[in-house]
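Student: Quick one: sequence plus predicted model below, questions after.
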Amino acid sequence: MQVRWGTGTLNGAPARFRITAVDGNANHDRLGDAIRVELWDARGVTLLYDTQSGVPQDAPVTTPADGGNIRVMTGR
């Protein structure tokens, strides 16, 4: 499992994010690859979006990552 925190913009406003990804092959997980994306306001207080809304942050990651792309850009 990989967890990454960062900052960026959401609809032009500053925001914070946390992405948790699970490689099903590496963990011999029958559920396959999974991802959780959480977005907060700039202060990290108000949760704006969560792919697994309503479950604790330490809950198993269960949102299937079975297609598509994620693009992470740096400010460099």
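Tutor: All right, it came through fine. Predicted, not measured: the structure shown is a model, and the values here were computed from it.

Student: What are the neighbouring residues in contact with A59?
Tutor: Going by C-beta atoms under 8 Å, 6 or more residues apart in numbering, A59 touches Q52. (C-beta placed from N, C-alpha, C; glycine too.)

Student: Please report how far it lies from A21.
Tutor: 15 Å (C-beta to C-beta, to the nearest Å).

Student: If you rank every helix and strand of this protein by mean pLDDT, what lands last?
Tutor: Evaluated with mean pLDDT, DSSP states H and E, the helix-and-strand set of the chain has its lowest mean pLDDT in strand 2-10, which scores a mean of 89.

Student: helix or strand right after that strand?
Tutor: Going down the chain from strand 2-10, the next helix or strand is strand 13-22, by DSSP states H and E.

Student: and the angle from that next one to strand 2-10?
Tutor: Between strand 13-22 and strand 2-10, the angle formed by their directions is 160 degrees, by axes from the mean of the first three to the mean of the last three C-alpha atoms, to 10 degrees.

Student: Please enumerate residues in contact with strand 13-22?
Tutor: Around strand 13-22, the neighbours that count as contacts under C-beta under 8 Å, 6+ apart are 1-9, 29, 33-42, 44, 48, 61, 65, 70, 72.

Student: pLDDT weak spots in the chain?
Tutor: Under the criterion pLDDT under 70, the flagged ranges of the chain are 27-31, 69-76.

Student: so A34 makes contact with A65?
Tutor: Yes. With contact defined as C-beta atoms under 8 Å, A34 reaches A65; the gap is 5.7 Å.

Student: Show me which of the two is the more surrounded one.
Tutor: Of the pair A34 and A65, A34 is the one with more neighbours under other C-beta atoms under 10 Å, namely 22 against 17.

Student: is that one in a bridge, and if so with what?
Tutor: For A34, the beta-bridge assignment (DSSP bridges) gives partners V22, P64.

Student: what's near enough to touch it?
Tutor: Applying C-beta under 8 Å, 6+ apart to A34 gives the contacts A21, V22, G24, V61, T62, T63, P64, A65.

Student: what about burial for the residues you listed, which qualify?
Tutor: Among the contacts of A34, the ones that count as buried by 16 or more other C-beta atoms under 10 Å are A21, V22, V61, A65.
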